[in-house]
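Novice: coords below, sequence missing:
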């Protein structure tokens with residue numbers, strides 16, 4: 001309950017009082033590598049992240065999921081460091097490491113004691129262009145990824161339903177494809193596919209190196225220059241736009257899967273910071289999402305879950321930081337005796353109220369206070385600070401926008417919230433998926449557990 005108390009205290013504070021006041025240092029090497037350094041001297045730790053501008057939204061049909069597959073293979077060794085050595089050396093130096101693939105990026109990271117940063121740079125620079133791909137390792141990792149897909153998607157009704165939902169909602173945007181890839185594509189990866197993908201995208205002119213922690217910026221730049229400045233570039237042509245065609249009416253699908261409870265997902269096609277004409281609209285949509293689902297006092301929790309008690313859970317979300325236009329999402333699990341159609345009506349009613357009535361000053365201030373609280377807490381994490389910089393830079397928004405977020409949210413008015421609800425949450429841009437639960441049959445356990453690195 002301490003967090004709740006802090007929120008209440010922050011409501012009384014001027015939100016403009018918050019500022020990071022910590023400079024981000026930038027350098028771009030001749031080979032195109034961008035290096036961002038942020039000093040944070042509160043603990044003798046450093047986080048190093050390398051971000052590549054490639055993810056599932058870059059993938060053509062037939063090789064969906066190959067960015068994620070390559071993420072796994074990046075730990076399979078180079079000439080200098082055979083398979084397993086990367087992780088062993090990091091652990092030997094008291095660090096930890098992992099990687100994650102998203103729709104718009106692939107990133108690798110290490111958290112180390114500050115004096116060990118050179119170890120991280122040496123290893124990461126070596127595998128940027130020196131990865132050894134071989135058939136035996138690919139075969140092993142294919143089994144790992146296939147099992148990962150089974151555990152994370154195929155055996156989880158909501159995840160599986162979400163996959164069907166995205167495939168329906170988008171006609172030609174690459175966001176229709178799952179990050180992990182479609183099963184038939186995974187089963188048919190060839191070594192040449194991975195080699196070509198690696199050679200094209202894994203290059204300094206397609207990467208951003210982010211370092212946050214108890215370090216000196218000039219020393220980091222010197223160290224980065226030593227290991228990364230001479231790495232050869234790749235010829236990368238601008239990718240095709242793949243702009244989503246205009247949706248001309250509501251889309252609905254019913255998904256029948258073994259599950260305990262029914263479930264509903266709704267998603268409105270909306271622009272994001274990268275694609276919106278009036279940038280303030282993106283921040284207004286962010287506030288609107290907070291009004292619906294910004295803590296226990298937000299509308300969905302207080303009205304549908306606790307108030308009318310028609311939902312077991314209900315949520316809303318909007319990712320304004322996507323590379324391409326995305327969805328404003330709503331979801332709900334009906335309470336006993338209620339249906340997904342009851343939930344659809346109830347969620348639409350909440351959207352209608354936002355279109356017809358101005359949000360109160362108190363409610364607006366509560367959302368803004370939570371945004372401030374979140375920003376303050378995020379500054380406590382070197383990893384999250386680095387992640388913000390890397391993600392914004394990689395999706396094309398620019399790392400400089402990091403410190404604008406709180407200020408921009410704070411400027412949003414009740415009128416703007418109502419305006420964006422009317423402008424973007426349109427019935428003709430709505431997509432709905434209903435989970436129709438089927439009997440759950442007991443399945444034999446395989447006893448097989450997915451290994452490797454998987455965090456999306």
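Specialist: All right, it came through fine. The structure displayed is predicted, hence computed values, not measured ones.
Novice: and residue 171, which of the three is it?
Specialist: coil (DSSP: H, G, I helix; E, B strand; the rest coil).
Novice: mind checking how far the helix or strand containing residue 27 is from the chain centre?
Specialist: Per DSSP states H and E: residue 27 is located in strand 24-28. What separates the centre of strand 24-28 from the centre of its chain is 24 Å, taken as Cα atoms, centre = their mean, to the nearest Å.
Novice: For it, list every residue counted as buried.
Specialist: By 16 or more other Cβ atoms under 10 Å, the buried positions in strand 24-28 come out as 24, 26, 27. To be clear about C-beta, it is placed using only N, CA and C from the backbone, and glycine gets the same treatment.
Novice: Make TSV out of those and add distance to residue 348.
Specialist: Converted to TSV, the buried residues of strand 24-28 look like this (distance: Cβ to Cβ, whole Å):
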residue	distance to residue 348
24	42
26	46
27	50
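Novice: nearest spatial neighbour of the residue nearest to the spatial centre of the chain, skipping sequence neighbours?
Specialist: Centroid-nearest residue in the chain: residue 102, 6.0 Å away (criterion: Cα atoms, centre = their mean). Distances taken as Cβ to Cβ, 6 or more residues apart in numbering put residue 55 closest to residue 102, at 5.0 Å, once the chain neighbours are dropped.
Novice: State whether the residue nearest to the centre of the chain and residue 178 are indeed in contact, as I suppose.
Specialist: No: between residue 102 and residue 178 there is no contact under Cβ atoms under 8 Å: 11.5 Å.
Novice: which neighbours do those two share?
Specialist: residue 56 (Cβ atoms under 8 Å, 6 or more residues apart in numbering).
Novice: Phi, psi for residue 101 please.
Specialist: phi -120, psi 140 (degrees, to the nearest 10).
Novice: Point out where this structure drops to low pLDDT.
Specialist: 1-21, 442-456 (pLDDT under 70).
Novice: quick one, domains of it?
Specialist: Domain assignment for the chain by automatic domain parsing gives 19-228, 251-438.
Novice: Tell me which stretches of the stretch 301-450 of the chain form helices.
Specialist: With DSSP state H, counting those that start in this stretch as the criterion, the stretch 301-450 of the chain has helices at 340-356, 361-378, 382-394, 405-410, 414-424.
Novice: closest to residue 185 out of the ones you listed?
Specialist: helix 382-394 (23.5 Å; Cβ to Cβ).
Novice: Which other helices and strands does the closest one contact?
Specialist: Packing partners of helix 382-394 (3 or more Cβ pairs under 8 Å, 6 or more residues apart in numbering; DSSP states H and E): strand 34-39, strand 45-52, strand 106-113, strand 207-213, helix 361-378.
Novice: For it, report the contacting residues that lie outside it.
Specialist: 24, 34, 36, 38, 40, 43, 45-49, 51-53, 104-105, 107, 109, 111, 208, 210-213, 321, 378-379, 398-399, 401-402.
Novice: Just the buried residues out of those residues, in ChimeraX syntax.
Specialist: A single ChimeraX command is used to select the members of these judged buried by 16+ other Cβ under 10 Å:
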select :24,34,36,38,40,45,46,47,48,49,51,52,53,104,105,107,109,111,208,210,211,212,213,321,378,379,399,401,402
